[in-house]
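Participant: Attaching a predicted model along with its sequence, questions to come.
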Amino acid sequence: MAVAGFVAAVGTACQPQTVPTVPPPTTTTTAPTTTTVPQTTTTTTPPVPAPSLAKATCASGSTITVATSVVEDVRDLLAAAKSDGLSLCGGGYRSADAQIAVRQANCGTTYYDIWLKPASQCMPPTAIPGTSMHEKGLAIDFTTCSTRTTSCYMWLAANAADFGFVNLPSEPWHWSTNGL
């Protein structure tokens, strides 16, 4: 069954389904030649190039890797938090392979789990590879923002927009340039 047909068959009326923008792993087809020995052809998808990346240093000395387009905003955000007595740090850029690994850990290991399962059905919610703002270097998961009652979350809720970051409502720790 085609992917679009499969998505239509398992989708629900309440939640829109999308076909993943990053194709599944390599596929193999067999084509006969003029001899009796079949010939195997392998089709691969070229990797999506990583964005231009830079590091912002946290008060702890650790770093957050993000897209160069937002690194100054992240540096300013971290400095402002530090001047308010708060040490923020976390994880930013994630490669496509790393996003797949996170999906496997949070959603399951089947093809459906990795490429088709809605993010909301994963624990915690996790974007389909190719759709994560982490893969663009435009999101940060702050390590001390596990709930909305943490000082990390409360400070970010009051200040992050000044630096171009918006919270993903389902994840208190996840802040990105568009809230996704």
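Facilitator: Structure's in. What do you need?

Participant: got a list of what the nearest residue to H174 once chain neighbours are set aside touches?
Facilitator: Ranked by C-beta to C-beta, 6 or more residues apart in numbering and with sequence neighbours excluded, the top spatial neighbour of H174 is L168, at 4.3 Å. For glycine as for every other residue, the C-beta is placed from the backbone atoms N, C-alpha and C. L168 is in contact with 174-176, 179-180, counting by C-beta atoms under 8 Å, 6 or more residues apart in numbering.

Participant: Next one: the most centrally placed residue in the chain relative to G61, how far apart?
Facilitator: For the chain, the residue sitting closest to the mean C-alpha position, by C-alpha atoms, centre = their mean, is S132 at 2.9 Å. Separation of S132 from G61 (C-beta to C-beta, to the nearest Å): 26 Å.

Participant: mind giving me the domain ranges of the chain?
Facilitator: Here the domain parsing of the chain from automatic domain parsing is 51-94+132-180, 95-131.

Participant: Now do the helix or strand hosting W175: everything it contacts.
Facilitator: In the assignment (DSSP states H and E), W175 maps to strand 171-176. Identification of contacts with strand 171-176 by C-beta under 8 Å, 6+ apart yields 90, 124-125, 133, 138-143, 145-148, 150, 153, 156, 160, 165-168.

Participant: and the residues you listed, which of them are in helices?
Facilitator: Within the contacts of strand 171-176, residues falling in helices by DSSP state H are 153, 156.

Participant: picking up where we left off before, top of the contacts of L168 by number of neighbours, please.
Facilitator: The most neighbours of any of the contacts of L168, using other C-beta atoms under 10 Å, belong to W175, which has 29 neighbours.

Participant: any idea how far it lies from G92?
Facilitator: Using C-beta to C-beta, we find W175 at a distance of 10 Å from G92.

Participant: again, but for M133
Facilitator: Applying C-beta to C-beta to M133 and G92 gives a distance of 10 Å.
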